[in-house]
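Student: Quick one, structure for this:
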Amino acid sequence: MSDQNNPQTSSLVAELNRLGENLGKVVRSAWESEERRSIEKELAAGLEQFVKRLNEAVESAQTDPALNKAKTKAKEAWETARGPQIVSEVKTGVVDTLKKINEDLARRAEPAPAHEVKNEPPADEDASKA
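Tutor: Predicted coordinates for the structure are as follows:
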């Protein structure tokens, strides 16, 4: 007998189909609701105000002499930091760190010894206690 002819299977399919239809109706109803439209309007207005304030802050910052001076110093520091010696040191540090991470991951990927799996002490510890 095939699964399609089984009454339990056809009931399951029917209920899943009904569930899909009902979820679709709920989502459609929520999307079309006045509450969703109101939230959308509030969100749009809030985002518009946020962008406006952000633009004002950016415009103000662009004309601030102290910020321009800090920007120039940051640019100079960046150009200095990009020098060949710094780049070489950073690469070496990254390689060393990646090597340590890979070694640690490789150790963790190895299967644990049998005494660790059973939460028993290793055999040599038992002998030292006797």
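Student: From residue 40, how far off is residue 31?
Tutor: Applying C-beta to C-beta, to the nearest Å, the value for residue 31 to residue 40 is 10 Å. Just so you know, the C-beta spots here come from the backbone N, C-alpha and C atoms, and that holds for glycine as well.
Student: how far does the helix or strand hosting residue 26 sit from the chain's center?
Tutor: Assigned by DSSP states H and E, residue 26 falls within helix 7-32. Distance of helix 7-32 from its chain centroid, counting by C-alpha atoms, centre = their mean, to the nearest Å, is 32 Å.
Student: I'd like the mean pLDDT over the helix or strand following that helix, please.
Tutor: Later in the chain than helix 7-32, the nearest helix or strand by DSSP H and E is helix 34-63. Mean pLDDT, computed over helix 34-63, is 91.
Student: quick one: the residue most central in space within the chain from residue 91, how far?
Tutor: The chain has residue 101 as the residue nearest its centroid, 20.0 Å off, counting by C-alpha atoms, centre = their mean. As defined by C-beta to C-beta, residue 101 lies at a distance of 16 Å from residue 91.
Student: thinking again about what came up before, just checking, what packs against the helix holding residue 26?
Tutor: Packing partners of helix 7-32 (3 or more C-beta pairs under 8 Å, 6 or more residues apart in numbering; DSSP states H and E): none among the helices and strands.
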